[in-house]
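Peer 1: got a structure for you, letters missing:
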């Protein structure tokens with residue numbers, strides 16, 4: 001009986017996918033999404049980085065889902081590791097002088113570089129995910145070189161929550177001003193200028209803080225467990 005139900009479900013899914021694909025006009029040059037983004041992306045979004053215009057404007061709702069998946073993964077990992085950690089405190093060996101000195105000198109530079117990446121994501125290759133990952137790598141260096149230091153869980157959760165909240169609020173404002181969620185309702189400005197591309201830089205800043213704090217929290221949980 002289970003096999004019959006499974007086969008019927010597979011047939012229904014296959015038919016649904018086939019009908020959906022049949023409605024897509026493959027091969028028509030006038031309707032190819034890639035060519036449309038390249039030709040119209042800068043004019044419609046103000047972002048000279050076409051990848052950014054796709055990720056944070058045309059597919060912004062999908063990007064919100066990706067950030068949500070990362071958020072759930074961080075919560076799940078934290079819950080699992082917190083449940084498995086005992087009350088025994090472990091002593092850590094101090095890092096070498098080279099690593100200790102390097103982490104103190106490079107950490108602020110890594111934070112500045114990561115911030116630069118997600119602030120300029122609409123102008124050059126990079127963005128919120130890349131900048132957040134760079135910031136998290138700075139905290140990883142801190143854990144390796146300055147082993148007695150740990151991030152503030154309250155500050156990390158605050159940055160994570162504010163990043164997600166800003167993303168959702170921007171989306172709701174687009175719904176209020178333009179009729180649909182995550183509408184790019186702010187002025188596009190001049191292409192190649194820092195203050196341009198409407199809501200895209202704001203969303204990337206929110207994503208940068210959210211991804212950086214989530215990855216740093218994951219690293220902290222893994223270091224604590226090990």
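Peer 2: Happy to help now that I have it. As the structure is a prediction and not an experimental result, all values here were calculated from the model. Residues are numbered from 1 along each chain as shown.
Peer 1: contacts and neighbour counts: CA atoms only from here.
Peer 2: Fine.
Peer 1: Low-confidence regions, the chain specifically.
Peer 2: Judged against pLDDT under 70, the low-scoring parts of the chain cover residues 1, 23-31, 82-92, 224-226.
Peer 1: where do the helices sit along the chain?
Peer 2: Listed in chain order, the helices of the chain (DSSP state H) span 2-22, 33-45, 50-53, 60-84, 97-119, 128-145, 153-178, 200-225.
Peer 1: The ones you listed into JSON lines, with extra columns for distance to residue 187 and mean neighbour count?
Peer 2: As requested, these are exported to JSON lines (distance: least, CA to CA, whole Å; neighbours: other CA atoms under 10 Å):
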{"stretch": "helix 2-22", "distance to residue 187": "35", "mean neighbour count": "11"}
{"stretch": "helix 33-45", "distance to residue 187": "9", "mean neighbour count": "16"}
{"stretch": "helix 50-53", "distance to residue 187": "15", "mean neighbour count": "23"}
{"stretch": "helix 60-84", "distance to residue 187": "17", "mean neighbour count": "14"}
{"stretch": "helix 97-119", "distance to residue 187": "17", "mean neighbour count": "17"}
{"stretch": "helix 128-145", "distance to residue 187": "21", "mean neighbour count": "23"}
{"stretch": "helix 153-178", "distance to residue 187": "13", "mean neighbour count": "17"}
{"stretch": "helix 200-225", "distance to residue 187": "11", "mean neighbour count": "23"}
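Peer 1: Of the ones you listed, give the one that comes closest to residue 190.
Peer 2: Nearest to residue 190, of all the helices of the chain, is helix 33-45, at 9.8 Å by CA to CA.
Peer 1: what helices or strands is the closest one leaning on?
Peer 2: Under the contact criterion of 3 or more CA pairs under 8 Å, 6 or more residues apart in numbering; DSSP states H and E, the helices and strands touching helix 33-45 comprise helix 50-53.
Peer 1: who touches the helix it packs on?
Peer 2: Helix 50-53 is contacted by residues 37, 38, 41, 42, 45, 47, 121, 122, 127, 200 when judged by CA atoms under 8 Å, 6 or more residues apart in numbering.
Peer 1: Fine by me, thanks again.
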